[in-house]
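K.L.:
sequence and predicted structure, then a few things I'm wondering about:
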Amino acid sequence: MGKRKIDETVKESQVSGKPSKVVKSTTKSSNSGSPAVTVQIVTGSYERVLHGFTAGVPSSCLSSDETKESASGDSVEFMDSFLFEAHASAIRCLALSPLPKKDSTEPPRVILASGGTDERINLYSLSASPAAVNEQYPSVATLIGNKVLENPKNRELGSLLHHSSSISALCFPSRSKFMAGAGDNTISVTKTRDWSVVSSIKAPRPKVQGRPSGDTAPPGDAPSGVNDFAVHPSMKLMLSVGRGEKCMRLWNLVTGKKAGVLNFSREMLQGVKEGKWSTGEGRRILWNSKGDEFAVAFEWGAVVFGIDSTPTCRIVPGPRSKIHQMKYVALDPSAEDGEELLAVSTEDGRVIFFSTKKLRESEEEECSLPYGEAVAQLGGKPAGLPGRVKDFEILSLRDESVARKDDFLVVTGNSDGIVRVWKLSGKDLTGQSKKKKGSKSKDENSSDVRQVGALLSTHETNNRITCLKAFVMLAPEDPSTLEDSEGDDISDDELSAESSSEESDAE
């Protein structure tokens, strides 16, 4: 009898102790390893793969000044959210809807749109909060070392097929409107409430003026299509640039009609290294947050225009390099007269920050347009990272309590498939930081550019990246709400949320 009692007690202790041990380790890992800031990153590639993953940045990487030394112990933790072939051909562009406001009743979701050369626009609903690790949704390790944590709130919404050519540009000017530009010379305006096309803006086809060598247009046809477009912050004006056109077009979004055309002068094109045999077409176009200036990017440089459409300065990287992407960076968004820098990514792996207010006079006879002064640069050969930067995102940490208000997180995507996360101090961009030895890199043109930024971590996607989007996620949700949300209908939430936003836009 005594022996049987001992065996029963041993078995009971083994059975009762096994699950308690698992629960204890799970809660410990989730609490101790919770990052201070979580960034959702989405990349598109030539291999038709849409890859989404989160980057958890610990507080030690954000609070310290010497990030390179402190980050050796605590590194950024990457976890894959989704990975699949979203299109039948290469993915060319991505777009994310704005985050919901903190005081709004909208569900914490954002809409992701992807466009490819297969004439299709795919739509997805992404959770704006990171997924919580629990027994029902644990993180799974893989053979290649990357952890996988699927978010049950990430869902597919459907596809849009109203364009008859490859998609070249996507944009969410607000949470209630979605716009897309394609190679069929049309820019469509769609309501996110029911995804119906409200208007379709048709741009004229360019006149054929000689075919350059190596042109990819089919025989009997000419290069055409919308390269990029930019909506004014007032939502009433839009600028667009297209293939085969040495001009940009102004559109009235209230009437949906053309408002004007501005041709690029030969002097201006020569100033940004657009030679005789170049196309002279604008590749990118972008408004700043205030709406008082915009920039047009060409192959080797960019030109900044004022609100009256007169050129104010030109942006030319030194040493000479191709431009792939550009973004405006507001140093102090709360200030009305705060300065904004223009950041451009180059072929040689740099992200250069230019000031459009501090100008340097031109010494060339062919173009009298002044140069924008290069304030700082990130990456490139001085940092040992010469790869091509296809796309990047600059995320402000102003609303994060664990970081300084003027700090930024920079996410860069290289064409070799590597995503890098950088920490950038706002003092380095304003020139208030103390200069250290070797903090400047002298280029071939004898111009001094401050080397800024600290590399936090890298992540290999194993795909050739063509586009990238990222945003700082909201606070984590309660894990108990995951089961309740599985049966929710996304369309009902979107209808109630977007109807209120549309009414506010109409007012």
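P.N.:
Happy to help now that I have it.

K.L.:
hang on, isn't residue 199 packed against residue 256?
P.N.:
Yes. Counting by CB atoms under 8 Å, residue 256 is a contact partner of residue 199 at 4.8 Å. Quick note: C-beta positions are derived from backbone N, CA and C, even for glycine.

K.L.:
quick one, helices of the stretch 1-150 of the chain?
P.N.:
2-32, 59-63, 67-70 (DSSP state H, counting those that start in this stretch).

K.L.:
looking at residue 199 and residue 256, which one has more neighbours?
P.N.:
residue 256 (15 against 12; other CB atoms under 10 Å).

K.L.:
who's in contact with the more buried one?
P.N.:
Residues counted as contacts of residue 256 (CB atoms under 8 Å, 6 or more residues apart in numbering) are 189, 199, 201.

K.L.:
likewise for residue 229?
P.N.:
Each residue near residue 229 by CB under 8 Å, 6+ apart is listed here: 169, 171, 179, 181, 187, 238, 239, 240, 241, 285.

K.L.:
of those residues, which belong to strands?
P.N.:
Of the contacts of residue 229, the ones assigned to strands by DSSP state E are 169, 171, 179, 181, 187, 238, 239, 240, 241, 285.

K.L.:
ok, so of those residues, who is nearest residue 309?
P.N.:
residue 239 (9.3 Å; CB to CB).

K.L.:
the closest one against residue 251, yeah?
P.N.:
Yes. Residue 239 lies in contact with residue 251 (CB under 8 Å); the separation is 7.5 Å.

K.L.:
residues near residue 400, how many?
P.N.:
Residue 400 has 18 neighbours, counted by other CB under 10 Å.

K.L.:
what's the pLDDT at it?
P.N.:
With respect to pLDDT, residue 400 scores 81.

K.L.:
for it, which non-adjacent residue is spatially closest?
P.N.:
Once flanking residues are discounted, residue 400 sits nearest to residue 37: 5.6 Å by CB to CB, 6 or more residues apart in numbering.

K.L.:
contacts only, for that neighbour.
P.N.:
By CB under 8 Å, 6+ apart, residue 37 lies in contact with 56, 57, 62, 397, 400, 402, 403, 409, 472.

K.L.:
neighbour-wise, which one of those leads?
P.N.:
The residue in those with the most neighbours, by other CB under 10 Å, is residue 57 (27 neighbours).

K.L.:
quick check: bridge partners of that one?
P.N.:
As for beta bridges, residue 57 partners with residue 37 under DSSP bridges.

K.L.:
ok, back up a step: the ones in strands among the contacts of residue 229: which two are farthest apart?
P.N.:
By the measure CB to CB, 179 and 241 form the most distant pair in the ones in strands among the contacts of residue 229, at 14.7 Å.

K.L.:
neighbour count: those two, which is higher?
P.N.:
More neighbours surround residue 241 than the other of residue 179 and residue 241, with 26 against 22 (other CB under 10 Å).

K.L.:
dump the helix or strand harbouring residue 250 to CSV, keeping only the CA atoms.
P.N.:
Residue 250 belongs to strand 247-252 when assigned by DSSP states H and E. Listed next in CSV are the C-alpha coordinates belonging to strand 247-252 (Å, rounded to 0.1, in the frame of the first residue of the first chain):
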residue,chain,number,x,y,z
CYS,A,247,6.9,68.2,-67.8
MET,A,248,4.7,67.8,-64.8
ARG,A,249,0.9,68.2,-64.7
LEU,A,250,-1.2,70.0,-62.1
TRP,A,251,-4.7,68.5,-61.4
ASN,A,252,-7.7,69.9,-59.7
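
K.L.:
wait, which of the contacts of residue 37 is closest to residue 82?
P.N.:
Of all the contacts of residue 37, residue 82 sits closest to residue 56, with 16.8 Å by CB to CB.

K.L.:
I figured that closest one hits residue 76, correct?
P.N.:
Yes. Taking contacts as CB under 8 Å, residue 56 lies within contact range of residue 76: 6.5 Å.

K.L.:
now the common contact residues for those two.
P.N.:
Contact criterion CB under 8 Å, 6+ apart; residues shared by residue 56 and residue 76: residue 35.

K.L.:
strands of the stretch 301-450 of the chain, start to end?
P.N.:
Per DSSP state E, counting those that start in this stretch, the stretch 301-450 of the chain carries strands over the ranges 302-306, 311-315, 323-330, 340-346, 350-360, 371-379, 389-396, 408-414, 418-424, 440-442, 448-452.

K.L.:
out of the ones you listed, the one nearest residue 110 is which?
P.N.:
Judging the strands of the stretch 301-450 of the chain by CB to CB, what sits closest to residue 110 is strand 389-396, at 13.6 Å.

K.L.:
what are the ranges of the strands in the stretch 101-250 of the chain?
P.N.:
For the stretch 101-250 of the chain, the strands defined by DSSP E, counting those that start in this stretch cover 109-116, 121-127, 140-141, 147-148, 155-160, 167-174, 177-182, 186-191, 197-202, 226-231, 237-242, 247-252.

K.L.:
point out where the stretch 151-300 of the chain drops to low pLDDT.
P.N.:
208-221 (pLDDT under 70).

K.L.:
could you redo the last one with a cut-off of 90?
P.N.:
151-152, 204-224, 244, 255-257, 274-280 (pLDDT under 90).

K.L.:
any buried residues in stretch 170-184, and which?
P.N.:
Within stretch 170-184, the residues scored as buried using 16 or more other CB atoms under 10 Å are 170-184.

K.L.:
end to end on that stretch, go ahead and measure it.
P.N.:
End-to-end distance for stretch 170-184: 14 Å, by CA to CA, to the nearest Å.

K.L.:
got a list of what the closest residue to residue 115 other than its chain neighbours touches?
P.N.:
Spatial nearest neighbour of residue 115, chain neighbours left out: residue 167 (2.9 Å); criterion: CB to CB, 6+ apart. By CB under 8 Å, 6+ apart, the contact set of residue 167 is 92, 93, 115, 116, 117, 119, 120, 121, 180, 181, 182, 183.

K.L.:
same question, residue 398
P.N.:
333, 405, 406.

K.L.:
and the first one, how close does it get to residue 342?
P.N.:
If I follow you right, that is residue 333. From residue 333 across to residue 342, the span is 16 Å (CB to CB, to the nearest Å).

K.L.:
okay, those two: which has more neighbours?
P.N.:
residue 342 (24 against 11).

K.L.:
nearest spatial neighbour of that one, skipping sequence neighbours?
P.N.:
Per CB to CB, 6+ apart, closest to residue 342 is residue 354, 4.7 Å.

K.L.:
ok, now residue 389?
P.N.:
Leaving out its chain neighbours, the residue that sits closest to residue 389 by CB to CB, 6+ apart is residue 345, at 3.8 Å.

K.L.:
now swap in residue 111 and tell me
P.N.:
Nearest to residue 111 is residue 97, by CB to CB, 6+ apart, at 4.2 Å.

K.L.:
re the thing from before, wait, isn't the residue nearest to residue 342 in contact with residue 374?
P.N.:
Yes. The pair residue 354 / residue 374 is scored as a contact, 5.6 Å apart, by CB under 8 Å.

K.L.:
what's near enough to touch the nearest residue to residue 63 once chain neighbours are set aside?
P.N.:
Nearest residue to residue 63, sequence neighbours excluded (CB to CB, 6+ apart): residue 402, at 6.4 Å. Counting by CB under 8 Å, 6+ apart, residue 402 touches 36, 37, 59, 62, 63.

K.L.:
how far away is residue 402 from residue 34?
P.N.:
For residue 402, the distance to residue 34 equals 11 Å [CB to CB].

K.L.:
returning to that earlier point: give the bridge partners for the residue nearest to residue 115, please.
P.N.:
Residues in beta-bridge contact with residue 167 (DSSP bridges): residue 182.

K.L.:
where's it relative to residue 186, distance?
P.N.:
According to CB to CB, residue 167 and residue 186 sit 11 Å apart.

K.L.:
residue 227 now?
P.N.:
The gap separating residue 227 from residue 186 is 13 Å, by CB to CB.
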